[in-house]
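*Asks:* one predicted model, sequence on top.
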Amino acid sequence: MGNENSVLRKAGDVVLFIVIMGLLLPFLLIGALYVWLDGLLFLLPFTVVLYMSLGTVLFVRMFGKSKHEKVVYRVIIGVVSLSLIVAVPSIYNKTRPVVQDGQVDTNAYELFSDHTKVVALTEPSTLKIKDNLPIIDGATALYPVYAAFAQAVYPEKKYDQYDSEVMSNRTGEAYNNLINGRADIIFALAPSDQQLATAKRLGKELKLTPIGKEAFVFFVNEKNPVQSLTVDEIKGIYTGDITNWREVGGKKKDIRAFQRPEDSGSQTALQHFMGDMPIMDPPVEDIASLMGTVIDQVSDYKNYNNAIGYTFRYYSTEMTKNNAIRLLSVNGVEPTKKTIRLGDYPITNELYAVTAGSDNPHIETFIDWILSDQGQEIVEKTGYVSIQ
């Protein structure tokens, strides 16, 4: 009878163990799904180890002998610690400050708001468009300037940034909207070869009207001792010929040369800057797609002390104001409004009003006004350099 009770008790313990582990299993699956979708795949081994460790502890407490418990616990602590140590580099990578092209709060430039950062003319606008407003879109970095154009010329009302006559959908989407007839004018840098090819395939001819100038800039972590690079050194970095900061006067550290996604304004600017020189493959990150597969995505700039990235002067100094990075001089020349205006800074880009054959009757008049003294006053007041 005693043996029978012992067997039943052990059978009950086994059932209880299975039930407890079964109840914990959904938490493991939810945790695994979270780390998968949030790009934290490096935590998956730790999650599994933690689940197995809890199961082992429970098993030892229920069925093991006390003299073995300390050994088992030490092994568990060692395995959990090892899984954490393996994840440390990826955890460090995830915690680095990130610089993105789309991290600006464009709501601060809301049209006709009492607290808007949009600049205003000193005198009333000589042009007013009351109806059949041209639909405008553009790059994030140019939203402050074309929002100011619209505030000076368009009727006062609410303009949704993603669905109105004055939108801000970033460079790639703005070109798509223009080419597909969902926008009449966009304000951006020159199109990429792919955007030009798409326009040609759809029978659209892109007309680019320069409205201002801006510096294409390269930046590093503020602790990087390198203050200036030559044009040739920058090209050497992005072809992969220069791989260590020591080669350009810095510390002995491998260079992490970040890039931007295809068809973004800054990536197109890099391609134009590099000309025919091949650009090295960019750093990528593994991310989980909605289809459940892992795909590569161009990595956002992470502010390591050996990293280099690029953007535009106004976007960096006025819109993001990131004090953790420092803009590099190029050929010994700092990127300032003065050096852009004088042509001393060697990597200067024109800003364009781009059209694609819209039949809106106000387009030419609007662009003429942008090129007038009042339009160029807005360009200067916003922080860019006028085309005049």
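*Replies:* It's in. Not measured: the values here are computed from a predicted model.
*Asks:* residue boundaries of the helices in the stretch 101-250 of the chain?
*Replies:* Per DSSP state H, counting those that start in this stretch, the stretch 101-250 of the chain carries helices over the ranges 143-153, 170-179, 193-201, 231-239.
*Asks:* those helices: which one's closest to L29?
*Replies:* Nearest to L29, of all those, is helix 170-179, at 35.9 Å by CB to CB. Any C-beta I mention is one placed from the backbone N, CA and C, and that applies to glycine too.
*Asks:* how about the closest one: buried residues?
*Replies:* Across helix 170-179, burial judged by 16 or more other CB atoms under 10 Å covers 170-179.
*Asks:* same check, this time on stretch 370-386
*Replies:* 370-371, 374-386.
*Asks:* for those, work out which two are farthest apart.
*Replies:* That would be L371 and G383, which, of those, are the farthest apart (CB to CB) at 18.4 Å.
*Asks:* contact partners of stretch 216-226?
*Replies:* The contact list for stretch 216-226 (CB atoms under 8 Å, 6 or more residues apart in numbering) reads 99, 229, 234, 245, 248-251, 266, 269-270, 273, 303-313, 316, 323-328, 330, 335, 347-349.
*Asks:* sorry, back to before: quick one, which of the buried residues of stretch 370-386 has the minimum pLDDT?
*Replies:* pLDDT across the buried residues of stretch 370-386 is lowest for G383, at 90.
*Asks:* point out where the protein drops to low pLDDT.
*Replies:* For the chain, applying pLDDT under 70 flags the ranges 1-10, 13, 35-42, 64-68, 89-104, 284-300, 318-323.
*Asks:* just give me the neighbour total for the nearest residue to E377 once chain neighbours are set aside.
*Replies:* Nearest non-adjacent residue to E377, counting by CB to CB, 6 or more residues apart in numbering: L121, 6.3 Å away. By other CB atoms under 10 Å, 16 other residues sit near L121.
*Asks:* check contacts around L121.
*Replies:* 152, 374, 377-378.
*Asks:* just V166 next, same as before
*Replies:* With contact set as CB under 8 Å, 6+ apart, V166 has these partners: 111, 136, 146-147, 150, 154, 159.
*Asks:* which residues touch the closest residue to it other than its chain neighbours?
*Replies:* Closest residue in space to V166, ignoring its immediate chain neighbours: Y159 at 4.2 Å, by CB to CB, 6+ apart. Contacts for Y159 (CB under 8 Å, 6+ apart) come out as 110-111, 150, 165-166.
*Asks:* which two of the residues you listed have the greatest separation?
*Replies:* Maximum distance among the contacts of Y159 (CB to CB): 14.1 Å, for E110 and E165.
*Asks:* quick one on the thing from earlier: filter the buried residues of stretch 370-386 down to the ones in helices?
*Replies:* Among these, the members found in helices (DSSP state H) are 370, 374-382.
*Asks:* residues in contact with Y162?
*Replies:* Residues in contact with Y162 (CB under 8 Å, 6+ apart) are 168-169.
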